[in-house]
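# got a predicted structure plus its sequence, pasted below:
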Amino acid sequence: CILRLCLCFNNPASPTLPLFYLNSSIPSLVVVHSESVTLTLKPDQGTTLNISQSSERSRGSKCTVCTGTGLKKSCSRAGSDYVVLLTDPKAAVNMEFTCPKPEEVFTVESRTGTLPLQNFNRTFIWNLKAPVLRAFHLDFTQMGLRQILPSERCPDQHTYTLLALQRTGEAAIGTYCRNGSVSGAQVLNQGRLSLEVTGGRKLNPTMFNLSVGEEIKSLAVLKVTLPEGTSSSELLSPNYPNSFPDDDLMEWKFVVPPKHNATVVFLSQTQPQCLKKEPAVEYHRGDGRFAVVKKLSDPQPAQRRDSFSLILRNCEMNRIGDGSTGLSLRFKVSAKRRSLPGLLCNVDLRKERKLSLHIEKTNLTSDCELKLNSVILEKITVPSGKISQLSFQDCPCQELLLTAIRIIECHQWRGCPAAAAPVPLTAPVLEKCLPAPLGSVTWILRPPQHGTVELLPTTGNLRQSLPEQPCNGSVTLTVAEDDEGTTVGQFCPEGAIRKVQVHTNVSITASSSTMRGKERWPFSHPLLNISFTREIAERYIFTVCPKKGVPTLLATPSWPGGMKSYSTVSWIVDVPSKLEAHLVFNNISQPKCSNRHTGIRVQILGSLEEMYSRREDEEAGRKITVSESFYLNMSNCMPERGDFSVLTQITLKKKRQLSHQVSIYNPNETSFLPGHNGRFPKSRKDNESHIYASIDDTLVYSHLLRDGAEMGVYGDPAVDVCALLKVNLWGEQNGERTLCFSELLWHS
C-alpha cells in the first residue's frame, strides 16, 4: 500500500508543518478461504487503487484480483497491474484475491484516501518542494535517524528513505532507521521522504516537522548531533554504494557536545576518473570562517574540539572509460569526552583536631569525577584524624568549591582552653596538591552548658554589613546560631563594634571575595579571637565604640528579617567625655504581639533610670541625644503577625556649650529646665515604673559598683566602657575572671 502526500511551499516564509502518518478509519471485512481472500472496503470518494505485483519474484504467480460480481465482475491478468476506481463512498466494494496470502504478491498503491491494508507492505510517501534556490528542512529531533546500507532493514521494520530530485534524476541521500544522531536534513528545491512498513507490522507513528530551509549550494545538508559520552556514527555518500552525482556537493554538519573531541575516519571509498577538478573533502569550523581541504587519501582530522562541517566535493567524472566506478564514501565520526590529566592528592589530617574538608562541584552538569579512597562520590568529605587519598578527573578549579570546617567545643569549664585564654581563629594550612583554593572556613563554637561565646577582632573593630554600608573588603564574617541556623549578622573590618557576645552555640564563616583561580587563602593572621565565658543576661550583646563624626549603623540580629521570638539584644555604647551621642531610629518594623510586648530602651550605664522606653503599641520618637555612655536594649515578643526589626544610626558630636543648665529628658520629647517655666515632671520614683515583678540577683549588688565609683575606688567615673578590669563577682565558682567594665555595669 503506497500513500502519497504532496507538499509544495510557494512562500519562503511558510510556517513549520508537523508531518504525521495517515491511519485508516475505513471499516472492512476480511473473509479467508483455503485458496482465496475476500476484502470488503468502504473507501473515501474518488479513491484510486493501483494493484501491482510487488517484486520480480512474485511476477510468476498466478494469483489475480477481482472486483464486482456477475456481469460486472472484473479481474486482473496474472503478472500485470490492475487499476480499481472507487467512486461511491456509500457502496462497499469486495476485492477477491485468488491466493491465500496476497500480501506476498501484490502492492496496493492508494493515490488518495486511506485503506486498512495492514497485512500488506505499506509505503508512506511525502513529495516535498521548496521555492527555487531554497531547500526544504526536515526536523527529526524528536526521534533521530541512523543511516544504514540500502540493503539493510530496520529492527522495528520502519525504514525511511530520503531522495533529492534533480533535473538529471533522483539521488538517494540515504536510508535510515529511528533512534540515531541525524537530527535534521535540508534538500535543495524538491525531494521525497518515504517510510516503508513491513506487512503485518502495526504503524508506530512519530511526528517530525517540515519548514522552508536556507539557500544551500550542495545537494543536501544533514545535521548530525553527536550525543554526550562515547559514541560513533556511520554515514554514507549519496547513492552509496553507487556513485555520488557528478560535479556536486554534499554537506554534513556535526554538532559536537561541550568538552568532547570528535574524530573522522574513512572506512571505505572509491574514486572516479576525473575530467576536471579532483574529489576532495572540506572541513569548516562551526562559524564557517576557516576551511581545511584534504584529499580522500589523506589522514582525516582527529580530536576536533568544536562543532564542524564536512563537505564532500566530486569532480566532473569520465563515464566512458572502462572500470570507472565513480565516487563513493563510507566514513565514521566518533566522539568522546575530553580528559584532563588526572590529579591525585593525599590529605593528612592526623594532627588536625576536629577539622574536616568538603569538596563539591559547582556545576551539576560537569564531567568532573571525584574520588575519595578510590570511591566515586558526588561530594567529598575528608575526615579529621586520617590520611585520605583524593582523585580528581576532568575537574577544572573553577568548577570546584573547597571549604573547611573546624569544631571548637568544651563540655565542662574545667580544662577548657577557650575559657582559660582567647583562642585565635586561623585558616588551616592545606596541601598544595588540592586543585581548588579554599573558598571559605567555618568555625563551630560550642561552649559548656549556659556558656557564652565572645568574639574579639584581632586588629581594629568590626562593622555590620548592611545595604547602606556593604562589605567591600576582602573578607566577610557571617555569624550565625549553630543550633538553629539563625543569622546574627555579617561583619567585616573597619567599624565600631569592639566585641560580640552570643549566648548560644555559634558558627562563624569567613569567606574571601578576592579569591581567583588557584590563589591560596589570602589571610595568614588570625581573623578573630574567641573565648568562652559564663552566662549573660541577653541573647546578644555588642560593645560599640563609635568614632567622632562617623555615623555608625546598628541593626537587630537577622536584619532585614525579624528577631527571634522573646530574644533580646543590647548594644553597650561608649561615649567619651565632651561628646554626646545622637541616636536616630531610621527603620522600625513592629509586629502585632500575641504575648508580651516589644521594647526599645535607652539607659545610662550605672543608672536604673530609663531615658527612653517604647513598646510596639506606642508611638516611637525617632531621635534622642545621650551625653554619656549608655546601653541600647531591644526585646521581642511572641509575634502574631509581622516582625520586629530596628535599624539605628549613632553619631558622636561635640557637646553643645550650655550656661550650666541641666536638661532632663522626658519621653514626651519635651526638655524641662529647672527654674524655667514649669516644674519637674513626675519622677520614676513617683510613677512606680521602676517596680519589678522579679529582680535578677546581679541587680541586688549594683549599689556596690555605684558606691565604689562615688568613693573613688574605681577612679575617674568617666571610665572607658571598653577597659578591662579583673573583679571577683559573687556567685562565681572559679573566682576571678576578666570582664569588660561595661559588662560589670550591665551586671549591676
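That came in fine, so what should we check first? Numbering: from 1, shown residues only.

# correct me if wrong: Ala404 contacts Ser356.
Yes - applying C-beta atoms under 8 Å, one finds Ala404 in contact with Ser356, separated by 7.4 Å. Where you see a C-beta, it was placed from the backbone N, CA and C, and this is true even at glycine.

# among the two, which residue is more densely surrounded?
Applying other C-beta atoms under 10 Å to Ala404 and Ser356 shows that Ala404 carries more neighbours, namely 21 against 17.

# ok, and the closest non-adjacent residue to the more buried one?
With sequence-adjacent residues excluded and distances taken as C-beta to C-beta, 6 or more residues apart in numbering, Ala404 is closest to Val441, at 4.9 Å.

# ok, which stretches of this protein are helices?
Defined through DSSP state H, the helices belonging to the chain, from first to last, are 417-420, 684-687, 697-700, 702-711, 741-747.

# contact partners for the residue nearest to Ala404?
Residues near Val441 by C-beta atoms under 8 Å, 6 or more residues apart in numbering: 403-406, 427-428, 509-510, 521.

# quick check, pLDDT for it.
At Val441, the predicted lDDT confidence score is 90.

# with Asn633 instead?
Confidence at Asn633, expressed as pLDDT, is 92.

# cool, and Asp716?
Among the per-residue scores, Asp716 shows a pLDDT of 40.

# now do Gly288
Per-residue confidence (pLDDT) for Gly288: 67.

# wait, Asp348 touches Cys433, no?
No - with contact taken as C-beta under 8 Å, Asp348 and Cys433 are classed as non-touching, separated by 11.1 Å.

# quick check: domain ranges of the chain?
Domains of the chain are assigned by automatic domain parsing as 25-116, 124-336.

# tell me which of those is the most buried.
domain 124-336 (a mean of 17; mean count of other C-beta atoms under 10 Å).

# show the end-to-end separation of that domain, please.
With C-alpha to C-alpha, to the nearest Å as the measure, the first residue of domain 124-336 is 37 Å from its last.

# for stretch 541-560, same thing?
Distance between the two ends of stretch 541-560: 18 Å, counting by C-alpha to C-alpha.

# same check on stretch 361-376?
In terms of C-alpha to C-alpha, the two terminal residues of stretch 361-376 are separated by 13 Å.

# ok, stretch 597-611 next?
For stretch 597-611, the first-to-last residue distance is 18 Å (C-alpha to C-alpha).

# now that stretch: mean pLDDT?
According to the model, stretch 597-611 has a mean pLDDT of 88.

# equivalent analysis for stretch 146-153, please.
Average pLDDT, stretch 146-153: 91.

# kindly report the same for stretch 543-551.
Stretch 543-551 shows an average pLDDT of 91 in the prediction.

# please enumerate residues in contact with it?
With C-beta under 8 Å, 6+ apart as the criterion, stretch 543-551 contacts 461, 496-501, 552, 554, 571-574, 579, 581, 649-654, 721-722, 740, 742.

# which of these are buried?
Buried residues within the contacts of stretch 543-551, defined by neighbour count using 16 or more other C-beta atoms under 10 Å: 461, 496-501, 552, 554, 571-574, 579, 581, 649-652, 721-722, 740, 742.

# and these, which of them are in strands?
Assigned to strands by DSSP state E, the following of the buried ones among the contacts of stretch 543-551 qualify: 497-501, 552, 554, 571-573, 579, 581, 649-652, 740.

# in this structure Glu152 contacts Tyr176, no?
No - with contact defined as C-beta under 8 Å, Glu152 does not reach Tyr176; the gap is 10.2 Å.

# circling back to that earlier point, okay, and the beta partners of the residue nearest to Ala404?
On DSSP bridges, the residues paired with Val441 through beta bridges are Ala404, Ala510.

# hey, what's Met375 bridged with?
For the record, residue 375 is Val, not Met. With DSSP bridges as the criterion, Val375 is bridged to Leu372.

# my bad, should have said Ser531
Beta-bridge partners, per DSSP bridges, of Ser531: Glu454.

# OK, contacts around the nearest residue to His582 once chain neighbours are set aside?
Among residues not flanking His582 along the chain, Thr651 sits closest, at 4.9 Å (C-beta to C-beta, 6+ apart). Thr651 makes contact with 546, 549-552, 581-582, 584 under the criterion C-beta under 8 Å, 6+ apart.

# what's the answer for Phe630, then?
Taking C-beta under 8 Å, 6+ apart, we find Phe630 in contact with 573, 575, 581, 602-605, 611.

# tell me which of those residues is nearest to Pro448?
Using C-beta to C-beta, Leu605 is the member of the contacts of Phe630 that lies nearest Pro448, at 28.6 Å.

# mean confidence for stretch 422-438?
What stretch 422-438 shows for mean pLDDT is 86.

# ugh, typo on my part, it should be stretch 347-354
Mean predicted lDDT for stretch 347-354 stands at 86.

# next one, pLDDT for Arg57 please.
We note a pLDDT of 54 for Arg57 in this prediction.

# tabulate the domains of the chain in JSON lines, adding columns for distance to Asp394.
Written out in JSON lines, the entries for the domains of the chain read as follows (distance: least, C-beta to C-beta, whole Å):
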{"stretch": "domain 25-116", "distance to Asp394": "53"}
{"stretch": "domain 124-336", "distance to Asp394": "7"}
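
# between the ones you listed, which gets the lowest average pLDDT?
Comparing those by mean pLDDT, the weakest confidence falls on domain 25-116, with a mean of 67.

# buried sites along stretch 575-589?
Going by neighbour count (16+ other C-beta under 10 Å), the buried part of stretch 575-589 is 575, 579-581, 583, 585, 588-589.

# what are the ranges of the strands in the stretch 1-150 of the chain?
Remark: strands of the stretch 1-150 of the chain, listed N- to C-terminal, are 2-8, 17-19, 28-32, 37-41, 47-53, 65-67, 74-75, 82-86, 93-97, 106-110, 122-129, 135-139, 145-148; assignment by DSSP state E, counting those that start in this stretch.

# name the helices or strands packed onto the last one?
Strand 145-148 is packed against strand 169-178, strand 182-188, strand 231-236, with contacts defined by 3 or more C-beta pairs under 8 Å, 6 or more residues apart in numbering; DSSP states H and E.

# could you list the residues in contact with it?
The contact list for strand 145-148 (C-beta under 8 Å, 6+ apart) reads 154, 159-160, 174-183, 233-236.

# try 6 Å
By C-beta atoms under 6 Å, 6 or more residues apart in numbering, the list of residues contacting strand 145-148 from outside reads 174-177, 180, 182, 235-236.

# send me it as CSV with only the CA atoms.
Taking C-alpha atoms only, strand 145-148 is exported to CSV below (Å, rounded to 0.1, in the frame of the first residue of the first chain):
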residue,chain,number,x,y,z
LEU,A,145,17.7,8.8,12.5
ARG,A,146,20.6,6.3,12.0
GLN,A,147,21.9,5.7,8.5
ILE,A,148,22.1,2.1,7.2
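
# how far does it sit from the chain's center?
If you compare the mean C-alpha spot of strand 145-148 with that of the full chain, they lie 34 Å apart, counting by C-alpha atoms, centre = their mean, to the nearest Å.

# got it, and the fourth one?
Here strand 37-41 is found 61 Å from its chain centre; the criterion is C-alpha atoms, centre = their mean.
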